[in-house]
Every structure is written in structure tokens, then in C-alpha cells.
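*Asks:* just the structure for this:
(chains A and B)
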Amino acid sequence: MSFATDSPSPLHSSSSDDFATFLDTALDSNSPSHQDEIQNQDDDDDDDDNAQSVRIKRHKVESIEETEASTSEGTVKQNLVVAEESVEVDVCSHPGSFGNMCIRCGQKLDGESGVTLSYIHKDLRLHDQEISRLRSTDMKDLLRHKKLNLVLDLDHTLLNSTMLMDLNSEEGHLTTETDSLEDVSKGSLFKLHHIHMMTKLRPFVRTFLKEASKMFEMYIYTMGDRPYALEMAKLLDPGGEYFNSKVISRDDGTQKHQKGLDVLLGQESAVLILDDTENAWMKHKDNLILMERYNFFASSCRQFGFNCKSLAELKSDESEPDGALAKILEVLKQVHSRFFDELQEDLAGRDVRQVLKTVRSEVLSGCVLVFSRIVHSALPSLRKMSQQMGAICLTELDPSVTHVVATDVGTEKSRWAVKEGKFLVHPRWIEATNYFWEKQPEENFIVKKKE
Amino acid sequence: MFFHIVLERNMQLHPRYFGRNLRDNLVSKLMKDVEGTCSGRHGFVVAVTGIENIGKGLIRDGTGFVTFPVKYQCVVFRPFKGEILEAVVTMVNKMGFFAEAGPVQIFVSNHLIPDDMEFQSGDIPNYTTSDGSVKIQKDSEVRLKIIGTRVDATEIFCIGTIKDDFLGVINDPTTV
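*Replies:* Below is the predicted model:
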């Protein structure tokens, strides 16, 4: 590939020869900058005295191009153009779309694919690859700031809401006790006329969010609809510090009646979930910290089949320093400090689910349980719960047994426990321990004699 | 880009507006109806600047409403591919940022933000250069290039880029 025949001697330095040499070098290096030089040379030549001969020469060159179409300025240019085009086409994998346009190249895309992130913008969709890319960059960012992700449920976890019309006569006193909506950061009971609801924030929630925000990137994920979720986020976070565009509602999920971490831009190994409904998180039970339900209003007590008086009816509330949120905050702190300070592995390899499991398995470690006359349907879940907390469950009595779990003092095992001075506790002891991540004082869960 | 064009619209007017001020009523109704709306073809109607011609009214049977064909001049705004726009940032997140130029919503993904700008989470999420000299956050003003547009019946979406010479932050709210 050379025009040596056209330019017989390199010493012969007419402009036409220059041109040919330029072509040669350009073709050899195949670089676009040389192309420009050729172009410039062309322009200069046109003004030259030898313009005529150059034109002839160029004509020759062009004819070679046309016939052979192998190595010529034009083909190189063509190649380059083709290359550029193919680069553009190949490089853009259309990582996602905004209003059916690729977010990277602006090209119109047909069909709807990928995960819709409607909680960020209703027309934003991202592909799985892009999401995993974002997750891994997010992970690095989080770890650098010593943070993890925390997904918070709203209803019965951080607050309790009721429709205004569902308030009963005993709760009527609440309507006069609501706090002003002008400065929501101070109050905890709000009447939201425009959505016909009354909302009570769980005691301790403000301290909880403030403390948790130092350790976690927080998301709200609720089964409520979007307007409700945003309204609640406004109450919890009036300054917009915690949940900035991270409020996920029922409308944004990918599956009905299920909550999933697929819309979350965080690595699953770095996500903790606080929720009162285990069944909503079928796929992510290992990330879940189950919360004790906060039922302030009678309507929500009824919803879950409790026949007791609601907190509102009793004019009482959960304790602020000893309530569920305060306890869970301790657990979160523990998990967080273990994840960052105690694990030996490489940061990226750490998994918060493992840490959670370990912390949980220490709650009842050293306890040996025997169940006595527990309803069959309840037994497997109680057994599983206690085992997850590190207790050993036996079926038969044994000197190593520390606790007998029963609902009745009359059974043989119960009587044995009393005689041997072992703890005889109600199954609620296990449930309470499970909620508070701390062995509960056994004397609060004594099995009462049946009358 | 802004255009000054003539558009036509059939205006339906309730009989109670008939009378001396018929023309004024018609014009004010026209302004109320079209300003701020969007058409796929012309973009957003920013303002009605004048009336070219009002045709003969046609009385509708049964209702008494009258339809006037109105030709009017107006200023429209329509973004084009390759156009440079100035926009205000409305939301910043891991994926990039959203900005608005009047009624147009523009998304700039993090692929199209210069590589030396990194996302910083926190109370005010932002993209910052490694030396901290340039920061994009909510309410920043940016100059961007449109690389894709989609004009709907009621909305216009754009994809923008700031990964090019002379694009990026032009006014930072924190330094004002």
C-alpha cells in the first residue's frame, strides 16, 4: 500500500510529492490527525503554482480509490466513519431510559424493559446491569462513609395512622390534642384533614431517625399509596434530610403485596429492613429486623384481631426510653459496629445478613428450652425463633434444661420445672425476646394457673 | 429554541360573553386556554402576543355556544437535539440529576456527567469534582446540551449532557 510509483524520488520535492508522502504516512499510521494534515495540504496545494499537476495527481489517486477501493484517503475516511458509528452503537448498551429515551445516547427506545424507578421519577427505568453497576458504586461510597442502607416501614413501625371516621368515642379526646402542623418537628399527633387521617408518631421516632441517619442511608418503603407516603415522610422528616427522594410506596414496587429490594439502589448485603410484617419480605427475610407492631389507635388493634384496649383509649403510649424503637436502635448500633469494626474480612466481602444472624444467635445463647403443651400450629415457629436466637430446643427433659415454655402449669414438664427451680415461662417470653433482641426478665412472663 | 409563530384555534364561547366586550373576552379566554400548554408539534406555548384574525362565529345547535376560528401570534418554546440550554437542577441522585428549563424536564445521567465529578450522598446530595471547586446540587444552574427529546401531548422530556466543553455549572447557589 504505497504510492511510491507515483512519486519516484523522495528528493524530488514538488508539492505533489509532498502530498503523496503525506498520503503514505497517513495511510501507514491510519490516524485521523494525519487526515487533517492531508486536508490542509490539499488546501495549500490549491493555492500553489503547481495546482494543475496536483489536480491531475489527485484525479489519479481518486481513480485508484474508485477502482481498487482498498487503500486511499477516502476509504480510510470511510473506515473511520464506520468505526466511529460502530463504536457509538456498540458502546451504548442503553443502560436505562427516561421517557423512552436512552439516558446515555438519547436515542428513542421501543418497548419497556428494566426496572421502573418510579419513586425517583415516573418515567425513569433502568436495566439490571446498570442497577448492579450503581449498586456497586453505591456500596463503595457507603463503606467509605461507614454507612449501610436501612429500609423503614411506616405503618405500625414508625407510626400509626387511622381514618378520622374510624376514631371511636373513647378516642374522641384526641381530636383536641393534636399538634400544630406548622412546626411538625415538635409534635407527634397530627390530624391531616386533606387526607382524612390522624397520625401518631411512635415515641422516640425522632431520636431514632437522627441517630440512625448517622449510621445508615435511610429509605421509606410502605404498602401505603404514594401521596400518603409522601405526607408521612413530611411529618417524619420536615427538613428533608433523611429521605430525600428515597420514599418507595406500594405504587413503585414490582410485585403486588410484596416488598422487594429490587428497586433499591443498594447492595443486598448492606441492607437492613425494619418492618412489622414478615410476610411482605418473603425474599429478604435475612435482612429483616421484625418490629413489634405499634398499635396506637383502636382501629388498627381491630385490624390485627386484638381485643384489648388501644393505647389511645387507655390514654397511654409506649415508653419513650424503653420502647421498641429505642431497643432496636441499640441492635442497629451493635450490627453497625460489628460490621465495620469487628469483621476481619475485606470490607466489600462483608455481609450484613451474616452479622445480623450472629447478633441474633447470641440473644438466647446458653438457654436450653423445652416446650410443653404448645398448640401444634404455633410450635414450629416458636422453635425456629428460639433456635435463631441461639437457644437449644430439646423435646425431652434433661438436667441441662434452663427454661420450660408452657401455657399451663399443670403439665408434667411444668411441674418438673417448678420442682427443679427452672424457669417456667409463657411463649410470649420468646416472642418478646425476639422483638427486643434481648433476653426478657422471666418473672414478667410467669405462667398463670388456670382457674 | 423560541419561535414566534401563528397558530389557529377554534374557540367555543358561552353566550353570556356576547356583547360589547366579546373580543376581549375571547382573547382572555384564549390566553387562559393556550398559555402554558404543550403541543407535540410546536412545543410549549409561552405567551400569546397578538391576534391576527378572528373568523366568523358559528352558532352550535342546541347549546347556544359559538365557535370562533381564531388566528393568533404566539411565542412557543421547543427544545431540539443538539441545542444548548440553561436549566435549574431540581433533583440530584446516584443516577444523575434532573433539571428544568421552564416547562421542560431534562435528565442528565451520570454517564453524561464528566468523569471527574463524583456523587456525594448526604443531606444535600451533589456531584463534586475531586478538588471541590465545582459542585452540582439542587438549585444549581447548569448549561447543558440536549441529546434527545420526546415531545408528548402534555409534556416534553429531554436527555441532556454536560460532558462537553463549556458545559456545566454556571451559577452555584451556595456561592451567591
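
*Asks:* pull the contacting residues for the nearest residue to residue A:154 once chain neighbours are set aside.
*Replies:* Excluding the flanking residues, the one nearest residue A:154 by CB to CB, 6 or more residues apart in numbering or on different chains is residue A:222, at 4.1 Å. Using the backbone N, CA and C atoms, a C-beta is placed for each residue, glycine as well. By CB atoms under 8 Å, 6 or more residues apart in numbering or on different chains, the contact set of residue A:222 is A:153-155, A:228-229, A:232, A:247-250.

*Asks:* out of these, which is most surrounded?
*Replies:* Counting neighbours by other CB atoms under 10 Å in any protein chain shown, the top entry in the contacts of residue A:222 is residue A:232, with 27 neighbours.

*Asks:* and the helix or strand where residue B:100 lies, what does it pack onto?
*Replies:* Element membership for residue B:100, per DSSP states H and E: strand B:96-101. With contacts defined as 3 or more CB pairs under 8 Å, 6 or more residues apart in numbering or on different chains; DSSP states H and E, the packing partners of strand B:96-101 are strand B:84-93, strand B:104-109.

*Asks:* just give me the neighbour total for the residue nearest to residue B:130 when sequence neighbours are not counted.
*Replies:* Distances taken as CB to CB, 6+ apart place residue B:116 nearest to residue B:130, at 5.8 Å, with adjacent residues excluded. When neighbours are counted by other CB under 10 Å, residue B:116 registers 11.

*Asks:* right, is the helix or strand of chain B with the lowest mean pLDDT up against chain A?
*Replies:* Lowest by mean pLDDT, DSSP states H and E among the helices and strands of chain B is strand B:38-39, with a mean of 84. No - with CB under 8 Å from any CB of the partner chain as the criterion, chain A is not reached by strand B:38-39; the gap is at least 13.3 Å.

*Asks:* after that strand, next one along is what?
*Replies:* strand B:43-54.

*Asks:* average pLDDT for that next one?
*Replies:* Averaging pLDDT along strand B:43-54 gives 93.

*Asks:* alpha carbons only: can I get it in PDB?
*Replies:* Presented in PDB, the C-alpha positions along strand B:43-54 are these (Å, rounded to 0.1, in the frame of the first residue of the first chain):
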ATOM      1  CA  GLY B  43     -43.800  22.700  21.900                       C
ATOM      2  CA  PHE B  44     -44.900  24.900  24.800                       C
ATOM      3  CA  VAL B  45     -47.000  28.000  24.200                       C
ATOM      4  CA  VAL B  46     -45.200  30.600  26.300                       C
ATOM      5  CA  ALA B  47     -47.300  33.700  25.500                       C
ATOM      6  CA  VAL B  48     -49.900  34.900  23.100                       C
ATOM      7  CA  THR B  49     -48.600  38.100  21.600                       C
ATOM      8  CA  GLY B  50     -51.300  39.200  19.300                       C
ATOM      9  CA  ILE B  51     -54.500  38.300  17.300                       C
ATOM     10  CA  GLU B  52     -54.200  38.000  13.600                       C
ATOM     11  CA  ASN B  53     -57.700  37.400  12.700                       C
ATOM     12  CA  ILE B  54     -61.000  36.200  14.200                       C
END
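
*Asks:* so residue A:358 sits in a helix?
*Replies:* Yes - counting by DSSP: H, G, I helix; E, B strand; the rest coil, residue A:358 falls inside a helix.

*Asks:* next, count neighbours for it.
*Replies:* 14.

*Asks:* chain neighbours aside, what residue packs nearest to it?
*Replies:* Per CB to CB, 6+ apart, closest to residue A:358 is residue A:338, 7.4 Å.

*Asks:* separation between that neighbour and residue A:139?
*Replies:* When distance is defined by CB to CB, to the nearest Å, residue A:338 is 18 Å away from residue A:139.

*Asks:* three-state assignment of residue A:161?
*Replies:* strand.

*Asks:* if you could redo that for residue A:299, that was the one I meant.
*Replies:* Going by three-state DSSP: residue A:299 is helix.

*Asks:* residues in contact with the residue lying closest to it once chain neighbours are set aside?
*Replies:* Spatially, and ignoring its direct neighbours in sequence, residue A:299 is nearest to residue A:166 (3.9 Å; CB to CB, 6+ apart). Contacts for residue A:166 were tallied using CB under 8 Å, 6+ apart; they are A:297-299.

*Asks:* ok, and the most crowded of these?
*Replies:* residue A:297 (25 neighbours).

*Asks:* just give the number of residues close to the nearest residue to it once chain neighbours are set aside.
*Replies:* Nearest residue to residue A:297, sequence neighbours excluded (CB to CB, 6+ apart): residue A:162, at 3.9 Å. For residue A:162, the count of nearby residues is 24 (other CB under 10 Å).

*Asks:* assumed the residue nearest to residue A:358 was part of a helix.
*Replies:* Yes - assigned with three-state DSSP, residue A:338 falls within a helix.

*Asks:* just for chain B, where's the confidence low?
*Replies:* B:174-176 (pLDDT under 70).

*Asks:* circling back: which residues touch the residue nearest to residue A:358?
*Replies:* Counting by CB under 8 Å, 6+ apart, residue A:338 has contacts A:355, A:358-359.

*Asks:* out of these, the closest to chain B would be?
*Replies:* Of all these, chain B sits closest to residue A:355, with 21.8 Å by CB to the nearest CB.

*Asks:* and the helix or strand hosting the closest one, which residues are buried?
*Replies:* Using DSSP H and E, the element containing residue A:355 is helix A:352-361. Neighbour counts over helix A:352-361 (16 or more other CB atoms under 10 Å in any protein chain shown) mark A:352-353, A:355-356, A:359-360 as buried.

*Asks:* likewise for stretch A:280-287?
*Replies:* Neighbour-count burial for stretch A:280-287 [16+ other CB under 10 Å]: A:280-281, A:284, A:286-287.

*Asks:* stretch B:108-117 now?
*Replies:* Buried, per 16+ other CB under 10 Å, within stretch B:108-117: B:108-113, B:117.

*Asks:* JSON lines for those residues, including distance to residue B:171?
*Replies:* Formatted as JSON lines, the buried residues of stretch B:108-117 follow (distance: CB to CB, whole Å):
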{"residue": "B:108", "distance to residue B:171": "16"}
{"residue": "B:109", "distance to residue B:171": "22"}
{"residue": "B:110", "distance to residue B:171": "21"}
{"residue": "B:111", "distance to residue B:171": "24"}
{"residue": "B:112", "distance to residue B:171": "20"}
{"residue": "B:113", "distance to residue B:171": "17"}
{"residue": "B:117", "distance to residue B:171": "17"}
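
*Asks:* where does chain A dip in pLDDT?
*Replies:* Using pLDDT under 70, chain A drops low at A:1-91, A:111-112, A:343-344, A:449-451.

*Asks:* kindly recompute the last result at 50.
*Replies:* A:1-16, A:30-51, A:53-54, A:56-57, A:60-75, A:82-83, A:85-89 (pLDDT under 50).

*Asks:* in contact with the most centrally placed residue in it, which residues?
*Replies:* In chain A, the residue lying closest to the centroid (CA atoms, centre = their mean) is residue A:264, at 3.2 Å. Neighbouring residues of residue A:264 by CB under 8 Å, 6+ apart: A:149, A:151, A:219, A:248, A:271.

*Asks:* burial measure for the last one, as a count.
*Replies:* It stands for residue A:271. 22.

*Asks:* for the residue nearest to it when sequence neighbours are not counted, pull up the helix or strand it's in.
*Replies:* When the adjacent residues along the chain are set aside, residue A:271 lies closest to residue A:149, with 4.3 Å between them (CB to CB, 6+ apart). Per DSSP H and E: residue A:149 is located in strand A:148-152.

*Asks:* domains of chain B?
*Replies:* B:2-77, B:84-171 (automatic domain parsing).

*Asks:* pick the most buried one from these.
*Replies:* Mean neighbour count (mean count of other CB atoms under 10 Å in any protein chain shown) peaks for domain B:84-171 among the domains of chain B, with a mean of 19.
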